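In: Model the structure of this input:
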Amino acid sequence: MSVEQRIREKLMIALEPSRLDVINESQMHAGHRSSPGTGESHFRVLVVAPAFEGKSRVERHRLVTEALKGEVGGAIHALALATFAPGEKIP
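Out: Numbers count the residues shown, from 1 in each chain. I've put the predicted structure just below:
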């Protein structure tokens, strides 16, 4: 299973999002000094989930990183997050 698939699966189970976009941006970082060169290390994730209602941005990010425990800092070198509760405006 690819890193992208594991991200999707873990977040679907943990947060039951109404929207989940996982974008692999690793190709934009190829050759960078700290890039592991795996082709699956840099991701941008947008999550819309009821679990985020009433939570601060920091609390939302903690929920995501907890769900991805074992991936962040392992296979995932960089993770950009956009987290929203249903009904919040997505820029």
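
In: This structure: strands as residue ranges?
Out: When secondary structure is read from DSSP state E, the chain shows strands at 19-24, 42-48, 78-84.

In: so of the ones you listed, which one's packed in deepest?
Out: Per-stretch averages of neighbours, counted by mean count of other Cβ atoms under 10 Å, single out strand 42-48 among these, with a mean of 20. Just so you know, the C-beta spots here come from the backbone N, C-alpha and C atoms, and that holds for glycine as well.

In: so what does it touch, helix or strand wise?
Out: Under the contact criterion of 3 or more Cβ pairs under 8 Å, 6 or more residues apart in numbering; DSSP states H and E, the helices and strands touching strand 42-48 comprise helix 3-15, strand 19-24, strand 78-84.

In: Looking at the strands of the chain, which is nearest to Ile13?
Out: Proximity to Ile13, assessed across the strands of the chain by Cβ to Cβ, is greatest for strand 19-24 (11.2 Å).
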